[in-house]
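Chemist: One predicted model, sequence on top.
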Amino acid sequence: MPTFIALLDRINGMTTRWAGYVATLLLAAMLGIMITHVFFRYVLSDSFGWTEELARFMMVWMAFLFFPAAHRQGLNASLEIVTDWFRDSVLWRLLQLLLELCILAVLIWCIKLGFERIERGATIASLSLGISMATVYYVLPLSFFLTALSSFERVLRLGYSLFFNTTLPVRQTPDADNNVEV
């Protein structure tokens with residue numbers, strides 16, 4: 001089991017790193033597009049209609065591509081004042097496992113919804129760019145799948161730590177210093 005978890009850790013590290021790189025490139029491109037838009041609109045008094053729409057689509061892709069890395073590093077919202085009371089107890093590990101199983105179930109359901117959204121978006125074209133909205137929606141199942149893969153790794157780690165009363169160290173990646181050990 002630890003070998004399989006280590007393999008998942010390596011796969012998740014690689015996929016979230018590349019998703020982060022793509023999201024960062026999208027952010028840079030979005031910034032360039034918006035600066036161009038502002039320059040043309042306010043300096044030259046001429047505006048492009050497609051820049052705002054493209055920037056919005058890029059922002060959606062960027063946010064969804066960063067989501068798997070955030071979940072993998074445990075950057076979800078929590079009330080630490082409450083969690084500190086139970087940390088490192090069997091009850092804490094069991095609660096974490098149950099929560100992560102719920103998260104995994106919701107993510108699998110979201111993958112299905114993402115494919116449904118792609119199917120519906122295939123018949124609709126964006127106003128300014130004229131591209132199929134399915135192109136924009138492809139990020140949904142991709143993001144939810146990568147996040148579900150990270151969630152599955154967390155479920156295995158939590159189950160292993162609960163069953164064997166030990167923790168498996170998370171492999172530190174060069175760009176992720178904040179990995180949470182479960």
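Modeler: Done, it's in. Remember, it's a predicted structure, so these values are computed and weren't measured experimentally.
Chemist: Excluding chain neighbours, give the residue nearest to the residue nearest to the spatial centre of the chain in space.
Modeler: Residue closest to the mean C-alpha point of the chain, counted by Cα atoms, centre = their mean, is residue 67 at 1.9 Å. In space, and not counting its chain neighbours, residue 67 is closest to residue 143: 5.3 Å by Cβ to Cβ, 6 or more residues apart in numbering. C-beta here means a position set from N, CA and C on the backbone, and glycine is covered the same way.
Chemist: from the chain's centre, how far out does the helix ranked longest in the chain sit?
Modeler: With secondary structure taken from DSSP state H, the chain has its longest helix at helix 2-38. Relative to the centre of its chain, helix 2-38 is centred 9 Å away, using Cα atoms, centre = their mean, to the nearest Å.
Chemist: Over to stretch 26-39?
Modeler: Computed by Cα atoms, centre = their mean, the chain-centroid distance of stretch 26-39 equals 23 Å.
Chemist: ok, residues contacting it?
Modeler: 47, 48, 51, 52, 54, 55, 58, 59, 61, 62, 65 (Cβ atoms under 8 Å, 6 or more residues apart in numbering).
Chemist: and the closest residue in space to residue 101 that isn't next to it in sequence, how many neighbours?
Modeler: Spatial nearest neighbour of residue 101, excluding adjacent residues (Cβ to Cβ, 6+ apart): residue 155 at 6.0 Å. By other Cβ atoms under 10 Å, the residues close to residue 155 number 17.
Chemist: Kindly report the same for residue 4.
Modeler: Residue 4 has 11 neighbouring residues, counting by other Cβ under 10 Å.
Chemist: For it, give its distance to residue 109.
Modeler: Per Cβ to Cβ, to the nearest Å, residue 4 is found 24 Å from residue 109.
Chemist: List the buried residues for the longest helix of the chain?
Modeler: Going by neighbour count (16 or more other Cβ atoms under 10 Å), the buried part of helix 2-38 is 5, 8-9, 12-13, 15-16, 19-20, 23, 26-27, 30, 33-34, 37.
Chemist: Show me the shaky parts of this protein.
Modeler: Scanning the chain for pLDDT under 70 picks out 1, 76-84, 87, 166-182.
Chemist: How about the host helix or strand of residue 64, which residues are buried there?
Modeler: According to DSSP states H and E, residue 64 maps onto helix 50-72. Of all the residues in helix 50-72, those buried under the rule 16+ other Cβ under 10 Å are 51, 53-55, 57-58, 60-62, 64-72.
Chemist: for stretch 96-116, same thing?
Modeler: Buried residues in stretch 96-116, counting neighbours by 16+ other Cβ under 10 Å, are found at 96, 97, 100, 101, 103, 104, 107, 110, 111, 114.
Chemist: what would those residues look like in a markdown table with secondary structure?
Modeler: Listed next are the buried residues of stretch 96-116 as a markdown table, based on DSSP: H, G, I helix; E, B strand; the rest coil:
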| residue | secondary structure |
| --- | --- |
| 96 | helix |
| 97 | helix |
| 100 | helix |
| 101 | helix |
| 103 | helix |
| 104 | helix |
| 107 | helix |
| 110 | helix |
| 111 | helix |
| 114 | helix |
